[in-house]
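[1] pasting the sequence and the predicted coordinates here, then a few questions.
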Amino acid sequence: HYPLAQSYRSLGQQEKAEVHLQKRGDGRPGLYDPLMQAYYWLVDSAEAHYQRGVLAMQARKWEAAADLFRKGLALDPENSQLGFSLGLSLYWQGDFDAAAKQFEAVLRQSPDHMEARFNLAVLRAQQRHYRDALAHFAAVAMQDPGRADAQVGQAEMLRNLGDLNASLPHWRRAVEID
C-alpha cells in the first residue's frame, strides 16, 4: 500500500494516497512459517511464556494467558512483568480476589511497579474498598504527579467517602494535567 500511496501522491491525488497510507501496516512482514511456529512453542523460558501469554490476552483467552504466565513465573519467580500480567489475566477472568493478591505480590517484590499499584487501586475501588483504593491512587500520583487518572481516582474515592471538599483539589489537578 505504501508504494501505491506514493504513486497517488505524485499524481496529486492526495485523498487516494491517504487511503493507502492508512492501510500500509506497521512495516513488519506477516509471513507464516510453520517450522518457526513449531520451534517457537518448544522454547521453555520465562520470556517465551510471557510472549505467549500476551498473545492469549490479545485473543481474550484469559485462562490460557494465566496458565502461560504461571509457567513463566515458575521459571522466573522474581519477574514482576509476568506477575503483573498474571494479575491482569485473573482480573479479566473475573477472579478479583486472586487478581488483588497477585498485584499485592508484585508490589511486595517491586514497590515502585506503578501499573500494579494503579490496577490494584481500580480493583479496590470496584470492590468498594475506597480507603484502600485512595491510598493506592495517592501513591501513584506521588510517584507520577502527571497522571490525571490517579488524580481522578483520588477525587472519586474521596467523593465516595463523602469528603467532597477534599476531592476538589484532585479534580482541579486532573483538569490542569489533561
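    Yep, that arrived. Note that this is a predicted model, so its numbers are computed, not measured.

[2] how about Gln93, what does it touch?
    Applying Cβ atoms under 8 Å, 6 or more residues apart in numbering, we find Gln93 in contact with Trp62, Glu63, Ala66. Glycine gets a C-beta too; all of them are placed from N, C-alpha and C.

[3] residues contacting the last one?
    Read that as Ala66. Taking Cβ under 8 Å, 6+ apart as the contact definition, Ala66 lies against Gly53, Leu86, Ser89, Leu90, Gln93.

[4] can you give me the strands for this structure?
    Along the chain, counting by DSSP state E, no stretch forms strands.

[5] lowest-pLDDT helix or strand in it?
    In the chain, the helix or strand scored least confidently by mean pLDDT, DSSP states H and E is helix 34-40, which has a mean of 70.

[6] just flag the most distant two among the contacts of Ala66.
    Spatially, the most separated pair among these is Gly53 and Gln93, at 12.9 Å (Cβ to Cβ).

[7] low-confidence regions, this protein specifically.
    For the chain, applying pLDDT under 70 flags the ranges 25-32, 36-37, 40.

[8] any idea where the helices of it begin and end?
    Assigned by DSSP state H, the chain shows helices spanning 2-10, 14-22, 34-40, 46-58, 62-75, 80-93, 96-109, 114-126, 130-143, 148-160, 164-177.

[9] pull the distance from the second one to the chain's centre.
    Taking the mean of its C-alpha atoms, helix 14-22 sits 32 Å from the chain's own mean (Cα atoms, centre = their mean, to the nearest Å).

[10] same deal with the fourth one?
    Averaged C-alpha coordinates place helix 46-58 at 13 Å from its chain's average position (Cα atoms, centre = their mean).

[11] in it, which residues are buried?
    Across helix 46-58, burial judged by 16 or more other Cβ atoms under 10 Å covers Ala46, Ala48, His49, Tyr50, Arg52, Gly53, Val54, Ala56, Met57.

[12] and the contacts of it?
    Under the contact criterion Cβ under 8 Å, 6+ apart, helix 46-58 has outside partners 40-41, 62, 64-66, 68-69, 71-73, 75-76, 79, 81-82, 85-86, 88-89, 92.

[13] what residues sit buried inside stretch 91-105?
    Buried residues in stretch 91-105, defined by neighbour count with 16+ other Cβ under 10 Å: Tyr91, Trp92, Asp95, Ala98, Ala99, Ala100, Gln102, Phe103, Ala105.
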